[in-house]
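[1] Any chance you could fold what I've pasted below:
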Amino acid sequence: MTSPLISKSLLQEELEACSVADLLLRHTQIHEALLARGVLRSANSPTGDLAEYLFCRAFGWQQAKASERGFDATGADGTRYQIKGRQIGRGNASRQLSAIRDLQGGHFDVLAGVLFGEGFKVLKAALIPVAYVIGKARFSPHTRSSIFMLRDEVWQAPGVRDVTAEIEATLR
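    Down below sits the predicted model:
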């Protein structure tokens, strides 16, 4: 196998020579390959599916059906996890996670959140008790959902577990 640096350089040259149509075709082919491997579960942006895959793989959680309401996975002890990911990078520093529906409904016990950087590099990941999420989230009447920001302060909150190393190791 070639060196990652050589591969990256050759790949970059090859990609720069591609037309937009060729790049989009490759994107589709890569997405389909990740679907076939079980890393992704939908045709959506890979951020959420990748987050679910990494947390379930890292901790041995059972992934819920794609249509399950209010939680994404269950631990061996019955703990229900809502899993969210956010990709931040050039031109987008927002740490706002996707909508949390019916936050007060008791659908999950722990929010598992991960921040990805460029190229889906794991920046930070945490397991956050639902009580903390309820206390810090704000309700958006427009989307009829709760909004939660995965700010740095979350990692210092009582009951929050930093799992960055575990999630990072799973991606390797």
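
[2] what ranges of the protein fall below the confidence cut-off?
    1-8 (pLDDT under 70).

[3] Please parse it into its domains.
    Here the domain parsing of the chain from automatic domain parsing is 1-37, 45-171.

[4] For those, could you give me TSV that also reports mean neighbour count?
    C-beta here means a position set from N, CA and C on the backbone, and glycine is covered the same way. What follows is the domains of the chain, written out as TSV (neighbours: other C-beta atoms under 10 Å):
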stretch	mean neighbour count
domain 1-37	10
domain 45-171	17
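
[5] ranges for the helices of this protein?
    Chain-ordered helices for the chain, with DSSP state H as the definition, fall at 4-17, 20-36, 46-59, 130-136, 164-171.

[6] For the shortest one, give me every contacting residue.
    When contacts are defined by C-beta atoms under 8 Å, 6 or more residues apart in numbering, helix 130-136 is touched by residues 100, 103-104, 108-111, 146, 148-149, 154, 157-160.

[7] can you check the second one too?
    Under the criterion C-beta under 8 Å, 6+ apart, residues 15, 18, 40-41, 43, 46 lie in contact with helix 20-36.

[8] Tell me which two of these sit farthest apart.
    Largest separation among the contacts of helix 20-36 by C-beta to C-beta: C18 and R41, giving 27.5 Å.

[9] got TSV for the helices of the chain, with distance to S94 too?
    Below are the helices of the chain laid out as TSV (distance: least, C-beta to C-beta, whole Å):
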stretch	distance to S94
helix 4-17	27
helix 20-36	23
helix 46-59	12
helix 130-136	16
helix 164-171	19
